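Asker: Return a 3D structure for these sequence lines:
(one chain, ligands or ions: 1)
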Amino acid sequence: MSFFDRLSNHNETKLLSLFDQDAQRVENFSVIEKGVYFDFSKNTLDADLISIFKDLFEQRNFEQRRGDLFAGKIVNPTEGRAAEHSAERGHGNVDSVAMAKALHLRMRAMVEAVEAGAFGEIDHLLHIGIGGSALGPKLLMDALGRENEGIDVHIVSNIDGAALQEIFKKIDPAKTLIAVASKTFTTTETLMNTQSALHWMEQAGVADPMGRIIALTAAPDKAVEWGVDESRILPFSETVGGRYSLWCSIGFPAAIGLGWAGFEELLEGASMMDRHFQNAPLHKNAPVLAAMVDQYYRQARGSGSRAVFAYDERLRLLPDYLQQLEMESNGKSVHVDGTFVDYPTAAVTWGGVGTDAQHAVFQLLHQGSDIIPVEFIVSKTPGHDLDAAHHEALLNNCFAQGAALMAGEANEDNARSYAGNRPSTTILVDDVDPFTLGALIAYYEHRCFANAVLLDINPFDQFGVELGKKMAKAMGGEGDVKFDASTQKLMQLAFDED
Ligand SMILES: O=P(O)(O)OC[C@H]1O[C@](O)(CO)[C@@H](O)[C@@H]1O
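Answerer: Numbering: from 1, shown residues only. All right, here's what the predicted structure looks like:
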């Protein structure tokens, strides 16, 4: 019987009844690894579904594919590349791990040089990058860099000049270092913002603004062409994908902001998760179980989105980060062999921060017509030293939401009744520290990979972003594209003087 036949023959039991049927359900459907506890028990997983998904993993050659990923083999066939983010954490092909270590040493030397005053007195690091070259550093700094008393880090991505101008108002050009983060060193937004930042420094009378640039890139030759001195380039391997790149030199602002020791702890946390993903049996493997939940709700229940709520201000940028990771990785419509897929692929990832989101979007989660699997992330330790009542209330709210989504509540008045049986996963971490955040991010990366294996798609390319770039260039005069009437009218209204 095919996977889909088995899935449609599967009798879904109500979530609460699953707990009645199995006194060990919580233990059976949870995973704990060094300060990170994953509770999958409030999802419709049972022994039968686990066995259906295990068979699909086997049919998709999961073990071979996971082995290829860690061995640095080509797992991104459309671009003929390996995907070696794990090598940055010490797991992978021996040569790639050695190369990653050597490049980390180079990065560390640069961090120490900045700290030792090699660039004069530096108070600010202006990091310019977009997508994977910004979202990871932003998340890390927002989560972990709040107490940072050294160099302050500002990250700018948008080509809308308002973003850069806002930062210019806050920082002193004479005490600023610019990190230009771009894997390809061709991205329009990043290069235009860098030009404007150089211009801003020149106008302020800073001597040799170009000498204040550090390039973080997998295309060092392009950075040199652009005028960056080779000694100020921190390269990384082309086999590290943009959205998987915070572990290499793209993480430079975090290494500056948190110090080298903090950056290494981040890598250690991810390394712990790499080991877990490689070694834990499938029914106790957190990224694998999460992918089973994702695909159960996507394929069997038609859930078009999944929602992530960080019940912790420090993780408020996690949904933004995950949107790129998950949607750019698995928002595809072709199989690994190039033929079209005839089932839904990645759901939309969205989310926010609790408790705010409860007062804004949770209505739909509780009573809307769609089943949206929810993920809660919460920390045992607060990120502040105000009265403990704040943290107690935060945790109570988080746990209450998961319980309410599942239990529901009947009422004679339909408008006031909650159907319940709505799934959620809760991740409880000991604290939001570099080790734990490293482990969490690596968990999401491997979950993406496990989903891609189940879907039989390539998670490591992103051709879907290219057409829009080409058309924007054509509008700017580089290229010949005939635009539709609606677009022409918009251009005319926006650009014509009268
Ligand atoms: O690091 P780069 O090469 O500037 O690319 C930035 C981002 O742009 C994308 O290529 C999408 O346009 C992402 O995959 C990438 O993270």
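
Asker: contacts and neighbour counts: CA atoms only from here.
Answerer: Will do.

Asker: Quick one: the strands in the stretch 251-400 of the chain, in order.
Answerer: For the stretch 251-400 of the chain, applying DSSP state E, counting those that start in this stretch gives strands covering 305-311, 348-353, 374-379.

Asker: which parts of the stretch 151-300 of the chain sit against the ligand?
Answerer: Taking C-alpha under 6 Å from any ligand atom as the contact definition, the stretch 151-300 of the chain meets the ligand at S182, K183, T184, F185, T187, G242, R243.

Asker: ok, what's across the strand from I155?
Answerer: Beta-bridge pairing for I155 (DSSP bridges): H127.

Asker: so who does it touch?
Answerer: Neighbouring residues of I155 by C-alpha atoms under 8 Å, 6 or more residues apart in numbering: L126, H127, I128, G129, A134, P137, K138.

Asker: Flag every residue of the stretch 1-150 of the chain that's near the ligand.
Answerer: The stretch 1-150 of the chain comes close to the ligand at residues I130, G131, G132, S133, as judged by C-alpha under 6 Å from any ligand atom.

Asker: out of those, which is most surrounded?
Answerer: In terms of neighbours by other C-alpha atoms under 10 Å, those top out with S133 at 29 neighbours.

Asker: got the contact list for that one?
Answerer: S133 neighbours (C-alpha under 8 Å, 6+ apart): A181, S182, K183, G242, R243, S245, L246, I250.

Asker: Just put those in CSV and tack on neighbour count.
Answerer: Supplementary listing: the contacts of S133 in CSV, determined by neighbours: other C-alpha atoms under 10 Å:
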residue, neighbour count
A181, 30
S182, 25
K183, 26
G242, 25
R243, 22
S245, 24
L246, 28
I250, 32
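
Asker: So which of those belong to strands?
Answerer: Among those, DSSP state E puts A181 in strands.

Asker: mind listing the helices in the stretch 251-400 of the chain by residue range?
Answerer: Under the criterion DSSP state H, counting those that start in this stretch, helices of the stretch 251-400 of the chain are mapped to 252-258, 260-279, 286-295, 318-322, 329-330, 362-367, 388-407.

Asker: Return the most buried member of those helices.
Answerer: helix 252-258 (a mean of 26; mean count of other C-alpha atoms under 10 Å).

Asker: what mean pLDDT would you report for that one?
Answerer: Helix 252-258 carries an average pLDDT of 94.

Asker: Same check on stretch 177-197?
Answerer: For stretch 177-197, the mean confidence score works out to 98.

Asker: Give me the buried positions along it.
Answerer: Buried residues in stretch 177-197, counting neighbours by 16 or more other C-alpha atoms under 10 Å, are found at 177-183, 185, 189-191, 193-194, 197.

Asker: Among the residues you listed, which ones are in helices?
Answerer: If you go by DSSP state H, those have E189, T190, L191, N193, T194, A197 in helices.

Asker: just to revisit the earlier point, worst average pLDDT in the helices of the stretch 251-400 of the chain?
Answerer: Lowest mean pLDDT of the helices of the stretch 251-400 of the chain: helix 252-258, a mean of 94.

Asker: gap between that helix and the chain center?
Answerer: Distance, stretch centre to chain centre, for helix 252-258: 18 Å (C-alpha atoms, centre = their mean, to the nearest Å).

Asker: how about stretch 424-431: buried residues?
Answerer: Within stretch 424-431, the residues that qualify as buried are S424, T425, T426, I427, L428, V429, D431, counting by 16+ other C-alpha under 10 Å.

Asker: Could you single out the nearest of the residues you listed to V361?
Answerer: Comparing the buried residues of stretch 424-431 against V361 with C-alpha to C-alpha picks out S424 as the nearest, at 15.4 Å.

Asker: Surely the closest one touches H366?
Answerer: No: between S424 and H366 there is no contact under C-alpha atoms under 8 Å: 11.6 Å.

Asker: Among the buried residues of stretch 424-431, which one sits closest to the ligand?
Answerer: I427 (26.4 Å; C-alpha to the nearest ligand atom).
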